[in-house]
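In: this one's sequence-less:
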């Protein structure tokens, strides 16, 4: 069996309590493989309301505030990775369904060969309603997936 040499590691983060341990694991892997890190936050533009999916409408100011806040948080994570010795770290924000963006769109665009993702950022009820992003990514991503448990 051939051991892979990962070059591009995707790290989807959602700001949950698992983020710190997921990023720490990704940093360790990036250092071990001398790989590039892509830190990604997917802003979901649909939400559940009374059991139905509805589009969330944000004003231009709200969207700008959300993007600015998310960018600041991603830049903090980027700096932590750089300080830990990872030489190539990029940050990304995408709008859409996290399952689709992480498992398909982003990997296609950036040719990631490894995804490091947290076991969950949702409560049990939220997982039941919307499904686990992690489970979907594990089953459908074209890249290998490492799941970090909290």
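Out: Yep, it's here. None of the values given here were measured: they were computed from a predicted structure.
In: Provide a list of residue ranges in the chain with pLDDT below threshold.
Out: 45-58, 120-131 (pLDDT under 70).
In: touching, residue 147 and residue 119? I think so.
Out: Yes: shown here, residue 147 and residue 119 form a contact pair, counting by C-beta atoms under 8 Å, at 5.4 Å. (C-beta placed from N, C-alpha, C; glycine too.)
In: identify the contacts common to those two.
Out: Common contact partners of residue 147 and residue 119 (C-beta atoms under 8 Å, 6 or more residues apart in numbering): residue 134.
In: the helices in the chain, which residues?
Out: Per DSSP state H, the chain carries helices over the ranges 19-33, 60-83, 98-100, 107-110, 124-130, 133-140.
In: need these in JSON lines (columns: distance to residue 4 and mean neighbour count).
Out: Formatted as JSON lines, those follow (distance: least, C-beta to C-beta, whole Å; neighbours: other C-beta atoms under 10 Å):
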{"stretch": "helix 19-33", "distance to residue 4": "9", "mean neighbour count": "19"}
{"stretch": "helix 60-83", "distance to residue 4": "21", "mean neighbour count": "14"}
{"stretch": "helix 98-100", "distance to residue 4": "24", "mean neighbour count": "19"}
{"stretch": "helix 107-110", "distance to residue 4": "15", "mean neighbour count": "15"}
{"stretch": "helix 124-130", "distance to residue 4": "30", "mean neighbour count": "12"}
{"stretch": "helix 133-140", "distance to residue 4": "17", "mean neighbour count": "18"}
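In: run a quick neighbour tally on the nearest residue to residue 144 once chain neighbours are set aside.
Out: Excluding the flanking residues, the one nearest residue 144 by C-beta to C-beta, 6 or more residues apart in numbering is residue 114, at 5.1 Å. Number of residues near residue 114 (other C-beta atoms under 10 Å) recorded here: 22.
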